[in-house]
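Q: Starting from these lines, generate the structure:
(chains A and B)
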2 protein chains.
Amino acid sequence: MPAARRVVVVGASAAGLRAAARLARLEPRTSVLVVEAREVFSYAACGLPFALGGEIDPDDALRRTSWGRLRDVEYFAEAKRVEVRTGCRATSIDLASARLHVEDARGSTEALAWDDLVLATGARPRRLPNQPVHPRILALHVFEDVATLRRGLVREGIGRVAIVGAGLVGCELAEALRSLWGVETTLVEAAGWPLPGVLDPEMAQRVAGALTRNGVDLRCGAPVRALVPGDAGVVVALDGGDVEADAVVVAIGAEPCVELAAAAGIAMGPTGAIAVDERLATSAPRVWAAGDCIEVRDAVTGAAVYRPLGGLANRQGRTLGDVLAGRPARFPAVAGACAVRVFDENVAAVGWTRVAARRDRVVRSAWLTADDRPHYWPEARTLAMSLVYEPATGRVVGVQAVGPGDVAKRIDAATQLIARGATLDDVAQFEHAYAPPFAPAVDPLATLAWVALNQEDGIEAEPPDVSLDGRPLVDLREPSERAANPAPSADVTPASHAALRDGSTTPDPESLLICERGTRAAEAARLLRARGVQRPYLAGGLTFHGTDRGPS
Amino acid sequence: MPAARRVVVVGASAAGLRAAARLARLEPRTSVLVVEAREVFSYAACGLPFALGGEIDPDDALRRTSWGRLRDVEYFAEAKRVEVRTGCRATSIDLASARLHVEDARGSTEALAWDDLVLATGARPRRLPNQPVHPRILALHVFEDVATLRRGLVREGIGRVAIVGAGLVGCELAEALRSLWGVETTLVEAAGWPLPGVLDPEMAQRVAGALTRNGVDLRCGAPVRALVPGDAGVVVALDGGDVEADAVVVAIGAEPCVELAAAAGIAMGPTGAIAVDERLATSAPRVWAAGDCIEVRDAVTGAAVYRPLGGLANRQGRTLGDVLAGRPARFPAVAGACAVRVFDENVAAVGWTRVAARRDRVVRSAWLTADDRPHYWPEARTLAMSLVYEPATGRVVGVQAVGPGDVAKRIDAATQLIARGATLDDVAQFEHAYAPPFAPAVDPLATLAWVALNQEDGIEAEPPDVSLDGRPLVDLREPSERAANPAPSADVTPASHAALRDGSTTPDPESLLICERGTRAAEAARLLRARGVQRPYLAGGLTFHGTDRGPS
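A: Purely as a prediction, here's the structure:
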């Protein structure tokens, strides 16, 4: 009997463990060894902010299976036939001899022979330039970070926290700190709005409102000049006012851990992460990579992008297990779907923001305010949505949704469409499972494409964050609506569709057509256009414009 | 100036009114007239069961816009520039002279000239063979039906209702009658399980459980022999026990209203509904049709199918408005997504059931029990899912989901995939917006495809409704799980993955591998297979098998 094939995996992350377990199941005679520098592994890292926020058990929930079994070394050995060596750091790869050099906590070294090597080295938190090393300058990235933060909050009297970076983790952390701990929380963001990698500025208004309403001191457009540790904590030096905090959490994203691969001469891609093909093969023969250390192909542009997202890492792990077992599995291009809850606002998006897409193509946005269920349904909740598209081709390149309503559902569906090159016409015919408890008869995603098609048809929209101050407004709403929610301008003219159609009202050239959600004003714009009068309307209506007012 | 183009629409349904309003906006010089035999129109018909059930205002909510405006004749005239004539019945179409003959309530007739004619004549409730006409034999189809039923319940002492047909409307009606009215409710279904057009029998178990738990007397496999009105109400004559009721509601589906079109020689398709092309053109020049009176093209088979669904009617209306205005709009093939809430169970499905698909192709099902959010998330709810696929091609032809969890979200995404010819490999790489408040890191839809791929790889599953009675079971669960939820067989052998792998346990040839949700048992089946021992596992686990136990 020939010697068993041996596969060594570096990193007991989601990708590494999934690949190992899948391969061990498919090929019972292959020996699968996972080396991991840390002691605690196989936890649901995306749950860390919620463990800190008290929504789930911080010590335990993230490390157990659904049937309550701790995912430790014994579990992987018994249930998965995967050997996991913790406290075992990979120090170098010798491609010529196919050996991985490792070192344990006591400094003992070993050279592990492999037939196939899997790099699942993951990512680390990005650091600010010249970021000091200090016990009160923290990150929220690994399991132990929750305990460190909790200890500081419970025992060390941390009462003021500054978070640097209003990305996915920064926003989740801000909510955890305010909701459970009630600490003074400042959220500092270099870009002009929160979640800048996910949302365009007018979409992020609603997130900013949620943060502010819930007592987070949000400082956008504020790049950090320095973190200055002192006796009483850390000063975050900002243009326009320093922030004093007992602790700072730096949450400015992740960067791939590639040193091991790079030192072995394995090729990096343009993003600086490990380059792989669809089979997750690196440039070195029989060396593979998956998870947060690799770059992926963008479904819209075809270019390499770095997307350290848990969902992708899990699927890459499974794919790689299949590939290593000789199956024809392929990891496809990524549309970039993501989601985050920020207090009572749900946020989800896929593809490119307008701001990011404009760096290399001509795109426009369309906006919509809608209910996630029929408007007569008692549990209907609001969605503010936007769609980014390329007018020249009609291709949809991104969709964003924010609100108390069911946003992730629309983004999951939009992800399938964007990944398959859908145009506005395709999205306009979006088919969905309709019944009043679940959705309106026409889903907001379809309506959003209708709005974009109308825009291309000459129905001019102004973005939901346009200033209404002093602007002449033509208000298409009913008198009762005007009384309940006065338009924020001194110059408001009520109007009806009939009056605009028959010419008895002709709005001032500078005026903007408004209504509650945009629909009636858009129809008014079309009626006027038929008379040769071109007037824009307020996209998303007053509801979207006032998105800092909170859920409805 | 030439005479204005005149478009006449028959039927003020969703499709007819959408087409009319869209066209009137796009072509301000076209005259648009809608003739409607009834007086009450433009209501959200899919909301009728909920109006009866008291979840929404029965008199009003379904007829108003989101800003509270009643959608009556004046509204359509003023806001939409569409003339609606109610009480105006279309009696015949004269294609040669392009005239529509109509008759009003007083018997006056008129011949309306059209340049284009739109047939949006909708559907009517199907009737049983020889169904008597009787005041206590009712339907729930038009607005007035709710008032009729309410009057019976409030004033006429109806305390026992038999519903014939456990389809979408029948199930919603049963819930309304039990939840708000507390009446004795019998639900009679000719097929062997509820929702037979939507779910395969093993998926419908959970729905049957919900109905029964909530006091509905469910009689499946019970074709109605006759409805026999008497002094005290109506007897529903069934094999195996007649049902006496104060009133009967027949809810056995809808059939298209095509008499007007058929009499004019307009072609029907194989389903008996009006045949249209992608532009919604009928066989007659300048005669168009949309909504519940037409057939559509099935996205899986390419064949003509009859799908009277509100979501489709709305999109068809808009599409036809565009087509009539000369735009290049097309109505695409339909995957057949639908949803229904049955008490605390959410149901959604798309494509073909296994039972229906097997009439003309070889298909298999795969099943999954999963949480709709990470298992550690407090609001995680269960989903029972199934996927129907064609083994020869890998093509996915249907997905079904039932449970207290978020089912519609998965079906909306699956709809996009099925409509685009996705295979199991495509669905296995399902990308979604992941964050713990919204979904697990690998969405159940992807996992469901993994289960199907494993099945094709030789991991044999037995369906969730297989009898376990007396079957030797090999139980992969932890001792605590066995204690909490004993397996329903006298012959249960506990086993571990390690023992199955090393050969210290070899299950009896007749035995079935079980666990709570199917995952561990499937992995056990693969371990045994590597030893040359082929044993099936229970798909979906004991959770799915016991789906009549209620939500979790």
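
Q: secondary structure element for residue A:409?
A: Residue A:409 is part of helix A:407-419 when elements are defined by DSSP states H and E.

Q: actually residue A:146, sorry about that
A: If you go by DSSP H and E, residue A:146 is part of helix A:143-154.

Q: ok so, going back, list the helices and strands the helix holding residue A:409 packs on?
A: Other helices and strands packing on helix A:407-419, by 3 or more Cβ pairs under 8 Å, 6 or more residues apart in numbering or on different chains; DSSP states H and E, are strand A:338-342, strand A:345-351, strand A:382-389, strand A:396-403, helix A:424-428, helix A:444-456, helix B:407-419. Heads up, the C-betas are built off the backbone N, CA and C, glycines and all.

Q: Distance to residue B:195 added to those, as JSON lines?
A: Shown next, in JSON lines, are the helices and strands packed on helix A:407-419 (distance: least, Cβ to Cβ, whole Å):
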{"stretch": "strand A:338-342", "distance to residue B:195": "31"}
{"stretch": "strand A:345-351", "distance to residue B:195": "30"}
{"stretch": "strand A:382-389", "distance to residue B:195": "29"}
{"stretch": "strand A:396-403", "distance to residue B:195": "30"}
{"stretch": "helix A:424-428", "distance to residue B:195": "29"}
{"stretch": "helix A:444-456", "distance to residue B:195": "25"}
{"stretch": "helix B:407-419", "distance to residue B:195": "13"}
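
Q: For the most centrally placed residue in chain A, which residues are in contact?
A: Nearest to the mean C-alpha position of chain A, counting by Cα atoms, centre = their mean, stands residue A:338 at 3.8 Å. Neighbouring residues of residue A:338 by Cβ atoms under 8 Å, 6 or more residues apart in numbering or on different chains: A:168, A:198, A:309, A:348-350, B:433-435.

Q: redo that, cut-off 6 Å
A: Taking Cβ atoms under 6 Å, 6 or more residues apart in numbering or on different chains, we find residue A:338 in contact with residue B:433.

Q: likewise the one 3 residues further on?
A: With contact taken as Cβ under 6 Å, 6+ apart, residue A:341 is in contact with residue B:437.

Q: Please report how far it lies from residue B:404.
A: Residue A:341 is 20 Å from residue B:404, where distance means Cβ to Cβ, to the nearest Å.

Q: again with residue A:422
A: Residue A:422 is 32 Å from residue B:404, by Cβ to Cβ.

Q: can you give me the strands for the stretch 151-300 of chain A?
A: All strands of the stretch 151-300 of chain A, identified by DSSP state E, counting those that start in this stretch, fall at A:160-164, A:184-188, A:216-219, A:224-230, A:233-238, A:243-245, A:247-250, A:254-256, A:287-289, A:296-297.

Q: of all these, which lies closest to chain B?
A: Smallest distance to chain B across the strands of the stretch 151-300 of chain A (Cβ to the nearest Cβ): 10.5 Å, for strand A:296-297.

Q: List the strands paired with that closest one, with their directions.
A: strand A:304-305 (antiparallel) (DSSP bridges).

Q: Just the element for the residue lying closest to residue A:260 once chain neighbours are set aside, please.
A: In space, and not counting its chain neighbours, residue A:260 is closest to residue A:90: 5.5 Å by Cβ to Cβ, 6 or more residues apart in numbering or on different chains. Residue A:90 is part of strand A:88-94, with elements assigned from DSSP H and E.

Q: average pLDDT across that strand?
A: The predicted model assigns strand A:88-94 a mean pLDDT of 98.

Q: Which strands border it, and is each parallel or antiparallel?
A: As defined by DSSP bridges, the strand partners of strand A:88-94 come to strand A:99-104 (antiparallel).

Q: Contacts made by the strand it pairs with with the rest, please.
A: For strand A:99-104, contacts defined as Cβ under 6 Å, 6+ apart pick out A:8, A:35, A:87-93, A:109-113.

Q: of those, closest to chain B?
A: residue A:8 (20.9 Å).

Q: Just to be sure, the closest one is in a strand?
A: Yes. Counting by DSSP: H, G, I helix; E, B strand; the rest coil, residue A:8 falls inside a strand.
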